[in-house]
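Q: Just the structure for this:
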Amino acid sequence: MSRSVRLVPAAAVLLALALTGTACDRGVHGTPGGSGVRDPYFPKAGNGGYDVGHYGLTLDYTPATRHLTGTAVITARATQDLSAFDLDLAGLHVDSVTVEGRKARFNRAGQELTVRPHDDLRRGETFRTTVRYSGTPHTLTDPDGSKEGWLPTADGALGLGEPVGSMAWFPGNNHPSDKATYDLTVTVPQGLQAVSNGELTDRTTKGGRTTYHWHTAQPMASYLATVAVGHFDLTRGTGPHGLPILTAVDPTQAKASEQALAQLPDIIKWEEINFGPYPFSSTGAIVARPDDAGYALETQNRPVFPGAPDTGTLVHELAHQWYGDSVTPKSWRDMWLNEGFATYAEWLYWEDHGGESAQQTFMDYYNGDDKAIWAYPPAKPSSAAHISDSPVYQRGAMVLEKIRQKVGDDTFYDIIQGWAAAHRHGSASTADFTAYVEKKAPQKDFTEIWQDWLYGDGKPAHP
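A: Numbers count the residues shown, from 1 in each chain. Just a heads-up that it's a prediction; the model follows:
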């Protein structure tokens with residue numbers, strides 16, 4: 001419900017005329033932006049009518065009371081003449097909204113925060129929206145039963161966003177097709193750390209509270225944003241060509257994590273050889289307690305792990321920095337472009353480090369007893385509850401092995417490195433990928449791979 005003062009009908013008419021007159025003076029007659037971008041699995045996610053360029057988020061969190069106070073300054077560009085636009089925000093209390101410094105009317109309906117600026121916005125215009133909000137952020141349950149959003153922990157909290165959980169702790173255009181840069185300033189009780197994406201640019205303590213300012217310079221999808229509040233052992237190092245590495249490890253996981261995290265520079269070096277230059281300005285890891293989330297997530301720059309990671313999981317989540325984080329899916333139907341690539345990275349890593357070849361791993365899955373792999377094709381998950389099932393991961397990786405078999409190693413590595421370079425810091429679809437493969441190997445016929453392995457139902461007749 002709008003927090004503006006309730007008007008008697010006559011006053012409402014006068015206000016409407018005044019707003020219309022203002023819009024006419026600017027020559028703008030806008031229409032509302034869409035509430036959702038019609039994602040096939042999360043139709044309410046994201047919004048139409050604008051593209052976000054930057055999020056400036058200022059948070060103050062107290063774990064003892066689980067109270068969050070936030071200010072989001074969202075800089076965006078209108079893609080149409082706008083009379084109103086939506087932001088995604090689940091729960092929390094909206095205290096005020098301004099657009100370009102002027103008070104805006106707003107109302108809430110589910111996860112939709114609809115904002116009506118004082119003046120209509122012109123197509124191509126860059127505008128700044130400030131949302132002040134507070135309350136206890138929610139933990140959300142995904143269609144597959146996993147938890148995301150804002151997860152309270154033993155000594156703090158963990159913000160995770162795949163696929164739609166970021167709207168539990170900040171308002172935004174919550175869809176992977178709209179990426180932006182971020183500044184995240186988090187204030188917590190002194191003695192706790194607040195770890196996020198990008199680089200730590202400032203830390204100050206005053207009045208028993210410590211403020212951390214993190215800057216993410218490269219575009220990031222909202223589902224990849226994270227903040228971890230709690231006690232962490234922070235370690236700094238360098239990787240290939242001086243790449244800054246920051247790891248934040250829960251003290252209970254420090255000893256168990258040492259061996260895996262020590263491999264991080266070498267894994268990044270190996271992945272650069274295979275996938276091309278690392279796409280971000282820093283890397284690292286956040287190691288939480290096993291029961292904080294229960295799953296690893298490729299949060300940008302600094303993946304989150306549920307307890308000490310093993311080598312394969314570290315390889316997988318770091319590979320996502322190329323495939324998923326830098327090259328982000330246009331919709332959640334394209335999830336295999338994240339998980340198929342990261343799973344195949346594991347196959348390649350073991351192939352290069354004394355394990356089975358990727359071809360043998362492919363055959364093991366093809367001849368195995370796990371029928372779940374063939375439940376649906378990688379590019380057409382059966383529902384939102386199944387975008388993270390084995391067909392997306394293992395069968396997605398099998399598609400890549402089929403391409404490698406078809407074109408040979410030289411062309412294959414040219415394809416996967418070129419794909420990461422061509423869509424660096426952007427969003428891409430399955431159709432974009434298949435077109436790219438066909439362009440890189442025009443002499444080859446990929447019809448069988450696309451029809452039987454990528455889009456076909458059931459187990460293909462021949463490996």
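
Q: next SSE after the worst-scoring helix or strand of the chain on mean pLDDT?
A: Within the chain, judged by mean pLDDT, DSSP states H and E, the helix or strand with the poorest mean is helix 9-26; its value is a mean of 40. Using DSSP states H and E, the helix or strand that follows helix 9-26 towards the C-terminus is strand 31-32.

Q: so what strands line up beside that next one?
A: strand 82-88 (parallel) (DSSP bridges).

Q: and after the strand it pairs with, which helix or strand comes next?
A: Strand 82-88 is succeeded, C-terminally, by strand 93-99 (DSSP H and E).

Q: Need the contact partners of that next one.
A: Around strand 93-99, the neighbours that count as contacts under Cβ atoms under 8 Å, 6 or more residues apart in numbering are 3, 103-106, 108, 113, 115, 117-118, 121, 127-135. Heads up, the C-betas are built off the backbone N, CA and C, glycines and all.

Q: redo that, cut-off 10 Å
A: With Cβ atoms under 10 Å, 6 or more residues apart in numbering as the test, strand 93-99 has contacts from 2-3, 69-74, 76, 82, 85, 87, 103-108, 113-119, 121, 127-136, 171.

Q: Report the buried members of these.
A: Buried subset of those (neighbour count, 16 or more other Cβ atoms under 10 Å): 69-74, 76, 82, 85, 87, 104-106, 108, 113-119, 121, 127, 129-133, 171.

Q: and those, which of them are in strands?
A: 69-74, 76, 82, 85, 87, 105-106, 108, 113-116, 127, 129-133 (DSSP state E).

Q: isn't residue 195 right up against residue 235?
A: No - counting by Cβ atoms under 10 Å, residue 195 sits too far from residue 235 to count as a contact (11.7 Å).

Q: out of these two, which sits in the busier spot?
A: Using other Cβ atoms under 10 Å, the more surrounded residue of residue 195 and residue 235 is residue 195, with 25 against 16.

Q: Three-state assignment for that one, please.
A: strand (DSSP: H, G, I helix; E, B strand; the rest coil).

Q: check contacts around it.
A: 156, 158, 186, 212, 214, 226-230, 232, 234, 246-248, 284, 286, 288, 302, 304.

Q: helix, strand or coil for the spatially closest residue to residue 153 that is not a sequence neighbour?
A: Of all residues not flanking residue 153 in the chain, residue 292 sits nearest, at 4.8 Å (Cβ to Cβ, 6 or more residues apart in numbering). The local conformation at residue 292, judged by three-state DSSP, is coil.

Q: what's residue 352 sitting at in phi/psi?
A: With angles defined as degrees, to the nearest 10, residue 352 sits at phi -90, psi -10.

Q: follow-up on the earlier one: identify the contacts common to residue 195 and residue 235.
A: Common neighbours of residue 195 and residue 235 (Cβ under 10 Å, 6+ apart) are 246, 247, 248, 284.

Q: I'd like to know which of the residues you listed are part of strands.
A: Short answer: the shared contacts of residue 195 and residue 235 in strands (DSSP E) are 246, 247, 248, 284.

Q: Wasn't residue 56 part of a strand?
A: Yes - counting by three-state DSSP, residue 56 is part of a strand.

Q: Any idea what it is bridged to?
A: In beta-bridge terms (that is, DSSP bridges), residue 56 pairs with residue 73, residue 183.

Q: With residue 203 instead?
A: With DSSP bridges as the rule, residue 203 is bridged to residue 212.

Q: so who does it touch?
A: 193, 194, 210, 211, 212, 213, 214.

Q: Look at the residue nearest to residue 335 when sequence neighbours are not counted and say how many residues are nearby.
A: Nearest non-adjacent residue to residue 335, counting by Cβ to Cβ, 6+ apart: residue 387, 4.6 Å away. Neighbours of residue 387 under the rule other Cβ under 10 Å: 26.

Q: Check the gap between residue 387 and residue 94 for me.
A: 30 Å (Cβ to Cβ, to the nearest Å).

Q: And for residue 393?
A: 38 Å.

Q: Residue 374 too?
A: On the measure of Cβ to Cβ, residue 374 and residue 94 end up 46 Å apart.

Q: Please compare those two by neighbour count and tell me which comes out ahead.
A: residue 94 (20 against 17).

Q: so the more buried one bridges to which residues?
A: Beta-bridge partners of residue 94, as defined by DSSP bridges: residue 133.

Q: Check it and give its pLDDT.
A: On pLDDT, residue 94 comes in at 98.

Q: Quick check: the gap between it and residue 165.
A: Distance, residue 94 to residue 165, using Cβ to Cβ: 19 Å.

Q: Run a quick neighbour tally on residue 257.
A: With other Cβ under 10 Å as criterion, residue 257 counts 21.

Q: How about it: what's its closest non-neighbour residue?
A: Residue 257's closest residue in space is residue 308 (Cβ to Cβ, 6+ apart), at 4.1 Å.

Q: what about the one you found, helix or strand, and which?
A: Going by DSSP H and E, residue 308 is not part of any helix or strand.

Q: so it touches residue 262, yeah?
A: No - when contacts are counted by Cβ under 10 Å, residue 308 is not listed as touching residue 262 (11.8 Å).

Q: Which one of these two is surrounded by more residues?
A: Applying other Cβ under 10 Å to residue 308 and residue 262 shows that residue 308 carries more neighbours, namely 21 against 10.

Q: Tell me both backbone torsions, phi and psi, for that one.
A: Torsion angles, degrees, to the nearest 10, at residue 308: phi -60, psi 130.

Q: ok now do it, which residues does it touch?
A: 249-250, 252-261, 287, 290, 314.

Q: Quick check: the farthest pair among the residues you listed?
A: 252 and 314 (18.7 Å; Cβ to Cβ).

Q: Could I get the contacting residues of residue 70?
A: Residue 70 neighbours (Cβ under 10 Å, 6+ apart): 57-61, 89, 92, 95, 131-135, 137, 169-171, 186.

Q: can you give me the strands in the stretch 201-350 of the chain?
A: For the stretch 201-350 of the chain, the strands defined by DSSP state E, counting those that start in this stretch occupy 209-221, 227-230, 233-238, 244-249, 283-288, 304-306, 327-329.

Q: Dump those strands into a markdown table; add distance to residue 408 as well.
A: What follows is those, written out as a markdown table (distance: least, Cβ to Cβ, whole Å):
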| stretch | distance to residue 408 |
| --- | --- |
| strand 209-221 | 33 |
| strand 227-230 | 43 |
| strand 233-238 | 35 |
| strand 244-249 | 34 |
| strand 283-288 | 31 |
| strand 304-306 | 35 |
| strand 327-329 | 23 |
